[in-house]
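>>> From the sequence below, what's the structure:
(one chain, ligands or ions: 1)
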Amino acid sequence: MKATFVKQEGTVPYQLKEFIKDNSLIVRSPGRINLIGEHTDYNDGYVLPAAIDKAAYIVITPGNDNKIHLQSVDMNESYSTTVDDIIKSVDQSWPNYLLGVIAQFIKAGINIPGFHAALTGDIPLGAGLSSSAAVECAMALALNEITHAGFDKLRLVRMAQKAEHEFAGVQCGIMDQFASVFGKKDHVIRLDCRSLEYEYEPLNMNGYHLVLLDTNVKHSLASTEYNVRRKQCETGVAMIQQHHHEVKSLRDVTMDMLDKYVLPEDIVVYQRCKYVVEENNRLLEGCKDLEANDLVAFGNKMFETHHGLSKLYEVSCPELDFLVTLVKDNPDVLGARMMGGGFGGCTLNIVKEEAISKLIDDTTAAYKTAMGKELKAYIVNIEDGSSVIG
Ligand code: GLA
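Reported below is the predicted structural model:
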């Protein structure tokens, strides 16, 4: 069977060079941002992500026996097992992102040889940039190549998503893995998470840049609360289904239905669902803004999204709220919002190019004074998705 991915020569991180043998393969899989459409993917809604210029890298070298050695270069840790003993690791969490993918290949009936895999990357961990999805996708691509399984990109995305469900315990949607694999330089992906139809839209920033401000708050609450939010959305759908059998997910729900059937029953579930219904509409309108090159209107929608995530969906935190409020009246910032699962991580900001360094200096100082924490800032560029680089 043919390899699914075109090989793109790329820069191999220096720390991986010592692991490269004659029969090694090197893969890169990026992190992601999401312009708008948060917590909509598992509700059959729309998202607007893009792959970024920060990635996970794996050097994989097949062996002659059934032994598997996984090595995290950045953490200076390793994990060993055999092909017939792929179970969740209890003491270390990072191997689970790799083991979870191996388990999916085995389930799919693919013969896995023993191998050595060395992992590194420059995606900040716990920053809401999907470092875990990037690792899963890198592993899926690496195994697809060394086993000649011939799975297409979407199949690999689904396997990586399942790995997150089964080995990391987060019932995530498809956005992160999809963006990591399908990303395209200088484009955002408008993905319909119900049909999985997608379009690449060029992102014309017209003198503005995407800037991430990292709270340095690690989103440890995220996995439990994430699964709770998912359940609350399902509860809302079930309440409506009693009256509208045709409704399958929040994608099919209107505000009228929520007002009539959910509001009288459960205010919290109502607020969660209201946010999702509004966010799907916001994304569709926001795409029109981008087509019309109206970054001002788009930016306003990002502020609205943040408000919804903070007050209705309740997945923000004081640090994220502080950073968004701080830039809200700054004329050089067109839009800002928390990004990803929430409870920490980064805000995504659309900032005028000339104003970036002053904005970073000012927010760093204000954040330190108000929150007593260090701020990190990253100017992001949109890059291609997963590839074999050597
Ligand atoms: C996490 C999940 C995604 C998505 C976002 C919120 O990143 O992995 O599937 O639900 O949160 O939009």
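>>> what does the protein put close to the ligand?
Residues of the chain lying close to the ligand by CB under 6 Å from any ligand atom are 38-39, 41-42, 130, 172-173, 175-176, 340-341. C-betas here are computed from N, CA, C, even on glycine.
>>> And the pLDDT for whatever residue of the stretch 1-150 of the chain ends up closest to the ligand?
Among residues of the stretch 1-150 of the chain, the one nearest the ligand by CB to the nearest ligand atom turns out to be residue 38. It sits 4.1 Å away. The confidence metric pLDDT takes the value 98 at residue 38.
>>> repeat for residue 218
Per-residue pLDDT puts residue 218 at 85.
>>> picking that back up, now do the residue of the stretch 1-150 of the chain closest to the ligand against residue 284, distance only.
Using CB to CB, to the nearest Å, we find residue 38 at a distance of 14 Å from residue 284.
>>> and what of residue 344?
Relative to residue 284, residue 344 is positioned 29 Å away (criterion: CB to CB).
>>> Between these two, which is the more surrounded one?
residue 344 (24 against 13; other CB atoms under 10 Å).
>>> And stretch 42-55, end to end?
Stretch 42-55 has its terminal residues 24 Å apart, counting by CA to CA, to the nearest Å.
>>> gap between that stretch and the chain center?
Using CA atoms, centre = their mean, to the nearest Å, the distance from the centre of stretch 42-55 to the centre of the chain it belongs to is 6 Å.
>>> Just the buried ones from the residues of the chain next to the ligand?
38-39, 41-42, 130, 172-173, 175-176, 340-341 (16 or more other CB atoms under 10 Å).
>>> so where's this protein shaky on pLDDT?
In the predicted model of the chain, residues 1-9, 220-222 satisfy pLDDT under 70.
>>> swap the cut-off to 80 and go again
Along the chain, the model assigns pLDDT under 80 to residues 1-10, 219-223.
>>> in it, which spans are strands?
In the chain, the strands defined using DSSP state E lie at 25-34, 46-47, 49-62, 67-72, 77-82, 115-121, 187-192, 198-202, 208-214, 333-338, 346-352, 376-380, 387-388.
>>> okay if I get those as a markdown table plus mean neighbour count?
Supplementary listing: these in a markdown table, determined by neighbours: other CB atoms under 10 Å:
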| stretch | mean neighbour count |
| --- | --- |
| strand 25-34 | 27 |
| strand 46-47 | 27 |
| strand 49-62 | 24 |
| strand 67-72 | 19 |
| strand 77-82 | 14 |
| strand 115-121 | 23 |
| strand 187-192 | 21 |
| strand 198-202 | 14 |
| strand 208-214 | 21 |
| strand 333-338 | 26 |
| strand 346-352 | 25 |
| strand 376-380 | 17 |
| strand 387-388 | 21 |
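>>> looking at these, which is closest to residue 143?
Nearest of those to residue 143, taken as CB to CB: strand 49-62 at 7.8 Å.
>>> which residues sit in contact with residue 197?
Taking CB atoms under 8 Å, 6 or more residues apart in numbering as the contact definition, residue 197 lies against residue 191.
>>> Now do it against residue 285, distance only.
Distance of residue 197 to residue 285, given as CB to CB: 19 Å.
>>> Now do the same contact list for residue 304.
When contacts are counted by CB under 8 Å, 6+ apart, residue 304 touches 278, 282.
>>> And it, how far from the ligand?
Using CB to the nearest ligand atom, to the nearest Å, we find residue 304 at a distance of 15 Å from the ligand.
>>> Wait, the residue of the stretch 1-150 of the chain closest to the ligand touches residue 310, no?
No: if you go by CB atoms under 8 Å, residue 38 and residue 310 don't touch, sitting 11.2 Å apart.
>>> Give me the nearest residue to residue 84, chain neighbours excluded.
Leaving out its chain neighbours, the residue that sits closest to residue 84 by CB to CB, 6 or more residues apart in numbering is residue 66, at 6.7 Å.
>>> Can you get me the start-to-end distance on stretch 307-325?
Distance between the boundary residues of stretch 307-325 (CA to CA) amounts to 10 Å.
>>> Check which residues of that stretch are buried.
Using 16+ other CB under 10 Å as the test for burial, stretch 307-325 gives 307-310, 312-317, 319-324.
>>> got the end-to-end distance for stretch 334-345?
Here the two ends of stretch 334-345 are set 20 Å apart, with distance taken as CA to CA.
>>> Relative to residue 368, how far out is the residue of the stretch 201-350 of the chain found nearest the ligand?
Across the stretch 201-350 of the chain, the shortest distance to the ligand (CB to the nearest ligand atom) belongs to residue 341, at 3.6 Å. The gap separating residue 341 from residue 368 is 25 Å, by CB to CB.
>>> Likewise for residue 121?
The spacing between residue 121 and residue 368, counted by CB to CB, is 27 Å.
>>> residue closest to the middle of this protein?
For the chain, the residue nearest the mean C-alpha position is residue 176 (3.3 Å; CA atoms, centre = their mean).
>>> mind listing what residue 189 touches?
Listed by CB under 8 Å, 6+ apart, the contact set of residue 189 reads 47-50, 178-179, 182-183, 198-201.
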